[in-house]
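Participant: only geometry, no sequence info:
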């Protein structure tokens with residue numbers, strides 16, 4: 001089964017002649033395996049600074065999730081970080097509820113990231129990795145595939161009692177009858 005978690009990272013940022021600017025890697029991934037219409041979807045953003053200096057004035061903005069196709073349950077679609085130290089990362093999680101048509105493919109795009117590779121650099125614009133085309137399932141279809149089916153299993157077990165219980169009862173009564181006569 002195709003995993004819906006995007007592991008690819010988008011490499012953004014530049015290097016000056018002295019090599020002392022920050023390099024930003026940005027990822028957008030879904031914590032859920034399946035996108036279900038009307039059910040919470042957790043989106044995780046991770047920003048990595050793999051450069052030699054802090055990245056400053058970082059703004060992450062996911063306009064796609066702020067649009068009308070999604071209801072924000074918790075978190076912010078726009079978040080700002082003052083700086084990200086070299087060799088560290090910053091994460092942000094957002095929970096949304098899709099209002100998309102079920103059983104259709106939807107294109108999930110990357111979020112927009114603006115930042116300065118160093119305190120003296122100009123503002124740069126980048127995009128996180130994009131999860132891409134994903135199928136949006138209906139809630140009924142998802143529930144049918146993932147529910148534990150307690151009612152069906154209980155009915156099955158009760159129906160198994162009759163064909164297994166009658167021969168077992170006859171066996172135990174006949175064994176007791178022969179044991180008493182012997």
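Facilitator: Okay, I see it. Given the structure is predicted, the values throughout are model-derived calculations rather than measurements.
Participant: ok, and residue 145, which helix or strand is that part of?
Facilitator: Take DSSP states H and E as the rule and residue 145 turns out to sit in helix 139-146.
Participant: what's the offset of that helix from the middle of its chain?
Facilitator: 17 Å (C-alpha atoms, centre = their mean, to the nearest Å).
Participant: which residues does residue 90 form a beta bridge with?
Facilitator: Here residue 90 sits in beta bridges with residue 47, going by DSSP bridges.
Participant: so it makes contact with residue 44?
Facilitator: No. Under the criterion of C-beta atoms under 8 Å, residue 90 makes no contact with residue 44, lying 11.6 Å away. (C-beta placed from N, C-alpha, C; glycine too.)
Participant: Compare neighbour counts for those two and give me the winner.
Facilitator: residue 90 (18 against 14; other C-beta atoms under 10 Å).
Participant: what about the more buried one, distance to residue 56?
Facilitator: Distance, residue 90 to residue 56, using C-beta to C-beta, to the nearest Å: 12 Å.
Participant: quick one: contacts for the residue nearest the centre of the chain?
Facilitator: For the chain, the residue nearest the mean C-alpha position is residue 31 (2.1 Å; C-alpha atoms, centre = their mean). Neighbouring residues of residue 31 by C-beta atoms under 8 Å, 6 or more residues apart in numbering: 5, 42, 43, 44, 93.
Participant: where's the third one, which helix or strand?
Facilitator: Assigned by DSSP H and E, residue 43 belongs to strand 41-49.
Participant: Give me the contacts around that strand.
Facilitator: Contact with strand 41-49 is made by 9, 22-32, 35, 55, 58, 60, 62, 65, 70, 79, 81, 84-98, 111, 113, 128, as judged by C-beta under 8 Å, 6+ apart.
Participant: Measure how far stretch 104-118 is from the centre of its chain, please.
Facilitator: Relative to where its chain is centred, stretch 104-118 has its mean C-alpha point 16 Å off (C-alpha atoms, centre = their mean).
Participant: Would you indicate which residues of stretch 132-142 are buried?
Facilitator: 134, 136, 137, 138, 142 (16 or more other C-beta atoms under 10 Å).
Participant: An error on my part: the question was meant for stretch 37-45.
Facilitator: Buried residues in stretch 37-45, counting neighbours by 16+ other C-beta under 10 Å, are found at 37, 41, 43, 45.
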